[in-house]
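Enquirer: Sequence plus the predicted model coming up.
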Amino acid sequence: EPEVTQTPSHQVTQMGQEVILRCVPISNHLYFYWYRQILGQKVEFLVSFYNNEISEKSEIFDDQFSVERPDGSNFTLKIRSTKLEDSAMYFCASSTGREDYGYTFGSGTRLTVV
Amino acid sequence: GQSLEQPSEVTAVEGAIVQINCTYQTSGFYGLSWYQQHDGGAPTFLSYNALDGLEETGRFSSFLSRSDSYGYLLLQELQMKDSASYFCAATGSARQLTFGSGTQLTVLP
């Protein structure tokens, strides 16, 4: 069964450093997303990406965040200057655009900012 | 914006039926989905309702009433492996999902 692949699975970084989280969505999917989940809390929407541009972003997705699809397979989330409160599990997801098929989520990257 | 309310915890025994309710307040609502998450792992899609009524997928069913801004997930013939967190999620205009806070289901032997 096709999977969304995320790397790394864990990342520890110092406050103020830049991090790049990587994702390989399912190849025939058209819509790509980043979500985050702070430990013990709900999953929160960050950004959606379609046709090589951002289609929607949340209030969380401020100027410190950016996304890129540098080639036909990878989808990245960059945090320019990490803060302690950025510590969370970051999930990448992709979909065909048909809501009745749902999203496929990756296994996540656990980001810890120290 | 959107907000979704669901119970924080539900407990049931193996073989039983359990219903997890979800009420929502939204603007730009397109449909309601349900996801399962084991121990902070990847959320897994269970079902989606765009129209009023019941959708059945094996042991799981989901219901939506747009007029009542209400939906539920029904799990039948509960198994130990069904112990997990269950999230309702509303689809917005850009296909983004707004998740509820999740319901921790514990299945007892």
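Expert: Arrived safely.
Enquirer: Which strand residues bridge residue 45?
Expert: All of this refers to chain A. Taking DSSP bridges, one obtains residue A:35 as the residues bridged to residue A:45.
Enquirer: To clarify, I was referring to chain B.
Expert: Under the criterion used (DSSP bridges), residue B:45 bridges to residue B:35.
Enquirer: What degree of burial does it show, as a neighbour count?
Expert: 19 (other CB atoms under 10 Å in any protein chain shown). Where C-beta positions appear, they are placed from N, C-alpha and C, glycine not excepted.
Enquirer: That one and residue A:99 touch, don't they?
Expert: No - using CB atoms under 8 Å, residue B:45 makes no contact with residue A:99, being 9.8 Å away.
Enquirer: I figured residue A:32 was touching residue A:49, is that so?
Expert: Yes - using CB under 8 Å, residue A:32 is in contact with residue A:49, at 4.4 Å.
Enquirer: Which residues are in contact with each of the two?
Expert: A:69, A:75 (CB atoms under 8 Å, 6 or more residues apart in numbering or on different chains).
Enquirer: What's the local residue count around the nearest residue to residue B:61 once chain neighbours are set aside?
Expert: Leaving aside its sequence neighbours, residue B:61 sits nearest to residue B:74 (CB to CB, 6 or more residues apart in numbering or on different chains; 4.3 Å). By other CB under 10 Å, the residues close to residue B:74 number 16.
Enquirer: coming back round to it: and for residue B:45 and residue A:99, which residues touch both?
Expert: Common neighbours of residue B:45 and residue A:99 (CB under 8 Å, 6+ apart) are residue B:33.
Enquirer: so how far is residue B:5 from residue A:66?
Expert: 33 Å (CB to CB, to the nearest Å).
Enquirer: what's the answer for residue A:10, then?
Expert: 33 Å.
Enquirer: more crowded one of these two?
Expert: Neighbours were counted for residue A:10 and for residue B:5 using other CB under 10 Å; residue B:5 has more, 13 against 10.
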